[in-house]
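Asks: what's the 3D shape of this:
(chains A and B)
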Amino acid sequence: MNRRRHSAVLLLGAAITGPILTAADPVTFHEQVAPILQTHCASCHRPGQSGPFPLLTYEDARKHARDIVDVTARRYMPPWLPASGAHPFDGERRLSDAELELLKRWADAGAPKGDPAQGPPPRVWPDGWQLGTPDLVLKLGTPFTIPAEGRDVYRSFVLPSGLAERRHVAAWELRPGSAAAHHAFLFVDRSGEARRRDALDAEPGFAGMDTPSGVEAPNGHFASWQPGAAPARNPPGLGWTLEPGSDLMLQFHLQPTGKPEPFQPEVGLYFTDQTPTNRPVKLGLVNYGFQIPAGATHVTAGEEFVLPAAVSVLGVLPHSHYLGRRIEARAVLPDGTVDSLLLIPDWDFNWQGSYRYRNPVELPAGTRLTMAVTFDNSTNNVRNPNAPPRAVAFGPNTTDEMAEMWFQLLPRDAAGAALLDHALAERTVRDHFAYHTQRLRRDPNDVVARVQLGRALLAQRKPAEAEAEFRQAARLHPDSDDAQYYLGLACRLQGRLPEAASAFRKAIEINPKHARAHGNLGLMHLAAGRSAEAARHLASAAALDPTDVLARNALGTIRLQEGRREEAAELFRQVLAVDAANAEAAKGLAAALAPRAPAR
Amino acid sequence: MATWELTALSGQVVSWRPDPPVRAVVFEFLGVECPISNRAQPELSRLARELTPEVEFVPVYPNAGEDAEAIRRHRTEYQLTPVAYRDPRQRLADALEVGVTPEVVALTAGGQLIYRGRINDQFGGLGRGRPAPTRHDLAEALAAFLAGSPPAGVVTPAVGCRIDRAS
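Replies: Predicted coordinates for the structure are as follows:
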């Protein structure tokens, strides 16, 4: 009998009814094991890649036979966290039960070699970039040295794009060039904040797990990387946009390898001329309020959101730290049917990333999206960063926790997109409130969180409650210009104008360059008919903030009344440069340029 | 003083014995390809530097499939001292009840067990680990012994790569 065919028949049987090989059927490296390793393992376990040793030859595999059985049986390898479910993902890397059984039988039999002639030919991988030559390659200028010893390293690196014009990105590929890179996220920074953080010390990049404010994931997209994950092009119409002058920021989780590692990652960008036509949005279900007592084994943090419009779910990104053990996302349809969108039975921070559905999941309006993260804060959790365990809550450090599930959603039409945007904006305000409330629980003297909490209350149209927060922030930090400024805003919104003016003046006293305090004070003077004082503050606001449209329009109107038409025209032009559709500025400019009425 | 038969990288079997002022010996079982072993290496090297001459660290490579050349390359790549020993038939590993790399066995100069097991508690299984160790078990055991405690014979579970045994 042809032995190869024999094995194939057995495999087929095994896939359907479970392993049916008997002790009489030998499992050998060349016949059964090499095809599994080639398909599922060797993309990383080969020289120059991230795996710690190669798994190409018989000798490679024989040396590690028992460990291979151990890590595959526990499904630690190949690394793939989601359980198989109704909605398969792109790039799934799961071994079948039949394949696991073959590996075990092979190791149990003493890892026999078999006949090389019966094995598959060596697999060939493309050299270099997997998606072909990129349109733009950005490489870290100066290598960072990963220390030989010590705790895991969380570090972000800034790569200036140098783009002179807007480009649409169809795909990106990361080449970390080191086995120490465990996972990464790509961000875009137009604010310059990442550069500023990077410049604080001489070392390339900056430490920490947090993302500086102003630094954002590519609009509407997840951009995650982990070893062995194949880069993929976005479907047509689903690219993301990179504005001129943007920086890329790569946030890395690096694991020391026992020797100093020079680290100089590079990113390849693949552009498309096609303007993105589909605008996906990201919905984050984030719980900020959980408390995990020391030693607790089953604390669950959940969140939910009801879809105001029908959507296609394109992808999902779970996030938790070292205490998260089980993560699940579900859709509860309007008829009550429950559909599991993602189940991770054994969460592993080291292998976090995003997942793209092979076929988008279509959900009707009224569907309730839910997520739940279950934590184990006991000593049984071998990943617990605290020994002995201590009470843990939401926070940015590895010893804190997070419970997040992000969905990439594509609304069906413009009306659906508008409904979704509105609901997400409300949710964002609610989340800011919850986030800053949690920050204040950690540190009641956190003046930034206090001010931001007040701002969330202002956005929820609760100026009296907001005022209380700003007053407390001002008491805690008498030198906080923002506390005074927002206190003024809260008073102004409640019609208490003298108090508002006094607070704005204090903000300016603390920080003479507080543009918005000048702007508000100017507008208040203008409303009260004091145009000279109004003009003084509005001019300051305009000079300090090139995007302040309100101050420019108001000042332009004053200048028109004063007959200083050229100055007025210039102010209105500046508004139109920022906001071409600004009707008040267009009207003002027309008036400023109109022929003068003949003198009587 | 206990005497040990060790196989040098040259293949020569040497009779080795700790001499004063050495009070404790640490056999460190290492694997060239094991990522957990390699990640623990700097802590072992640091302890060896800090505790010399009272404690002597003896690197032993027990995997059957690792030849002297691979071990020399490993010593160079990780900037380790050149002297190391092989145990390709696991005679020493079996005598000391060692099953994985990295695993350490600390003995008094007379051969009494001070400590056997993991170096620290960073890993709880292959690929299951904390961002940093919370206990440095070997360092604690050696410190207690050097401070005058009797050899306690503490055993912890070692986590790492199974030793590739000669068939």
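Asks: Could you find the closest non-adjacent residue to the closest residue to chain A within chain B?
Replies: Proximity of chain B to chain A (C-beta to the nearest C-beta) peaks at residue B:124, 2.3 Å away. In short, each C-beta sits where N, CA and C put it, glycine included. Ranked by C-beta to C-beta, 6 or more residues apart in numbering or on different chains and with sequence neighbours excluded, the top spatial neighbour of residue B:124 is residue A:382, at 2.3 Å.
Asks: And the one you found, how far from residue A:247?
Replies: 38 Å (C-beta to C-beta, to the nearest Å).
Asks: higher neighbour count, the two?
Replies: residue A:247 (23 against 16; other C-beta atoms under 10 Å in any protein chain shown).
Asks: and the nearest residue to that one once chain neighbours are set aside, how many residues sit next to it?
Replies: The spatially closest residue to residue A:247, leaving aside those adjacent along the chain, is residue A:189, at 4.4 Å (C-beta to C-beta, 6+ apart). As a burial measure, residue A:189 scores 24 neighbours (other C-beta under 10 Å).
Asks: got it, and residue A:105?
Replies: 19.
Asks: isn't it right up against residue A:28?
Replies: No. Residue A:105 is beyond contact range of residue A:28, at 10.2 Å (criterion: C-beta atoms under 8 Å).
Asks: thinking again about what came up before, contacts only, for the residue nearest to residue B:124.
Replies: B:123-125, B:128-130 (C-beta atoms under 8 Å, 6 or more residues apart in numbering or on different chains).
Asks: and what of residue A:339?
Replies: A:86-87, A:330-333, A:361.
Asks: Out of those residues, the closest to residue A:255 would be?
Replies: Nearest to residue A:255 among the contacts of residue A:339: residue A:87, at 31.2 Å, using C-beta to C-beta.
Asks: By residue count, what's the longest helix in chain B?
Replies: Identified as the longest helix of chain B according to DSSP state H is helix B:35-51.
Asks: Identify each buried residue in the helix or strand harbouring residue B:114, please.
Replies: Per DSSP states H and E, residue B:114 falls inside strand B:113-117. Neighbour counts over strand B:113-117 (16 or more other C-beta atoms under 10 Å in any protein chain shown) mark B:113-117 as buried.
Asks: Now render those residues as TSV, adding pLDDT and distance to chain A.
Replies: Below are the buried residues of strand B:113-117 laid out as TSV (pLDDT from 0 to 100; distance: C-beta to the nearest C-beta, whole Å):
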residue	pLDDT	distance to chain A
B:113	97	25
B:114	98	22
B:115	98	18
B:116	98	20
B:117	98	15
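Asks: ranges for the helices of chain B?
Replies: B:35-51, B:68-77, B:91-95, B:137-146.
Asks: Could you find the closest non-adjacent residue to residue A:227?
Replies: Residue A:227's closest residue in space is residue A:50 (C-beta to C-beta, 6+ apart), at 3.6 Å.
Asks: That neighbour against residue A:181, yeah?
Replies: Yes. Between residue A:50 and residue A:181 there is a contact at 7.0 Å, judged by C-beta under 8 Å.
Asks: Can you work out which residues contact both of these two?
Replies: residue A:227.
Asks: how much space is there between the residue nearest to residue A:227 and chain B?
Replies: Taking C-beta to the nearest C-beta, to the nearest Å as the measure, residue A:50 falls 11 Å from chain B.
Asks: a helix runs through that residue, doesn't it?
Replies: No. Counting by DSSP: H, G, I helix; E, B strand; the rest coil, residue A:50 is located in no helix; its state is coil.
Asks: and it, what does it touch?
Replies: Here residue A:50 is in contact with A:44, A:176, A:179, A:181, A:227-228 (criterion: C-beta under 8 Å, 6+ apart).
Asks: one more time with 10 Å
Replies: Listed by C-beta atoms under 10 Å, 6 or more residues apart in numbering or on different chains, the contact partners of residue A:50 are A:43-44, A:176, A:178-182, A:226-228.
Asks: okay, among the residues you listed, which ones form the most distant pair?
Replies: A:43 and A:180 (18.2 Å).
Asks: of the two, who's got more company?
Replies: Comparing residue A:43 with residue A:180 by other C-beta under 10 Å, the one with more neighbours is residue A:180, at 23 against 20.
Asks: Can you give me the distance of that one to residue A:397?
Replies: Taking C-beta to C-beta, one finds residue A:180 at 21 Å from residue A:397.
Asks: ok, now residue A:36?
Replies: From residue A:36 to residue A:397 the distance is 39 Å (C-beta to C-beta).
Asks: So for these two, which sits in the more crowded spot?
Replies: residue A:36 (23 against 13).
Asks: Quick check: next helix or strand after the helix or strand that one falls within?
Replies: If you go by DSSP H and E, residue A:36 is part of helix A:34-40. Moving toward the C-terminus from helix A:34-40, the next helix or strand (DSSP H and E) is helix A:58-63.
Asks: near chain B at all, the helix or strand following that following helix?
Replies: Note on helix A:58-63: by DSSP H and E, the next helix or strand toward the C-terminus is helix A:65-73. Yes. Helix A:65-73 reaches chain B (C-beta under 10 Å from any C-beta of the partner chain) through A:65-67, A:69-71.
Asks: Check the offset of helix A:65-73 from the chain's centre.
Replies: Its chain's average C-alpha position is 33 Å from that of helix A:65-73, according to C-alpha atoms, centre = their mean, to the nearest Å.
Asks: Contacts for that helix next, please.
Replies: So helix A:65-73 is in contact with A:29, A:33, A:36-37, A:40-41, A:45, A:53, A:55, A:61-62, A:64, A:76-79, A:95, A:99-101, A:103-111, B:34, B:100, B:125-127, B:160-165, going by C-beta under 10 Å, 6+ apart.
Asks: can you tell me which of those residues are in strands?
Replies: Among these, the members found in strands (DSSP state E) are B:100, B:125, B:161-162.
Asks: Please work out how many residues are found near residue 28.
Replies: I'll assume chain A. 21.
Asks: Can you look at chain B instead?
Replies: By other C-beta under 10 Å, neighbour count at residue B:28 equals 26.
Asks: ok, now how distant is it from residue B:158?
Replies: Distance from residue B:28 to residue B:158, by C-beta to C-beta: 11 Å.
Asks: what's residue A:297 in contact with, if anything?
Replies: Counted by C-beta under 10 Å, 6+ apart, residue A:297 has contacts A:325, A:374-378, A:380-381.
Asks: whoops, residue A:174 was the one
Replies: A:181, A:184, A:186, A:223-226, A:229, A:231, A:250, A:252, A:265-268.
Asks: Among those, which are located in strands?
Replies: A:181, A:184, A:186, A:224-225, A:250, A:252, A:266-268.
Asks: Return the member of the residues you listed nearest to residue B:48.
Replies: residue A:181 (29.2 Å).
Asks: mind showing which ranges of chain B have poor pLDDT?
Replies: Scanning chain B for pLDDT under 70 picks out B:1.
Asks: The spatially most central residue of it: what's it in contact with?
Replies: Closest residue to the average C-alpha location of chain B: residue B:28 at 0.7 Å, with C-alpha atoms, centre = their mean. By C-beta under 10 Å, 6+ apart, the residues touching residue B:28 are B:37, B:40-41, B:44-45, B:47-48, B:57-61, B:84, B:98, B:101-106, B:119, B:138.
Asks: at 6 Å instead, please
Replies: B:44, B:57, B:59, B:104 (C-beta atoms under 6 Å, 6 or more residues apart in numbering or on different chains).
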